[in-house]
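Visitor: Whatever this is, show me its structure:
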Amino acid sequence: MSVCPRCASQFTCAMADNTGETCWCTALPPIAFRKLQDGGLKADASCFCPQCLPIWKADQEAQHDANLAIQLP
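Guide: Sure thing, here's the model as predicted:
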């Protein structure tokens, strides 16, 4: 069982929990590493639950887009 670092709920992450099945998160569209803070994930990154991962992903993309808007002349 995994624990979401954002909301502390317990959930099954097929990859982290080694269930041998495909994880639910692989059905989501990927996020480009360039849109992540510092251009990637930390080595100790944890899995987010099904409710928090889409929210986290949207926040990362919005932050990246806002930073781009600030840099435009």
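Visitor: Tell me which stretches of the chain form helices.
Guide: Counting by DSSP state H, the chain has helices at residues 52-71.
Visitor: which sections of it are below the confidence cut-off?
Guide: Low-confidence segments of the chain (pLDDT under 70): 33-45, 71-73.
Visitor: Please list all residues in contact with the nearest residue to residue 21 once chain neighbours are set aside.
Guide: Leaving aside its chain neighbours, residue 21 sits nearest to residue 14 (4.7 Å; criterion: Cβ to Cβ, 6 or more residues apart in numbering). C-beta here means a position set from N, CA and C on the backbone, and glycine is covered the same way. For residue 14, the contact set (Cβ atoms under 8 Å, 6 or more residues apart in numbering) comprises 20, 21, 22, 23, 24.
Visitor: State the distance from the first one to residue 14.
Guide: Counting by Cβ to Cβ, to the nearest Å, the gap between residue 20 and residue 14 amounts to 8 Å.
Visitor: Thank you kindly, that will do.
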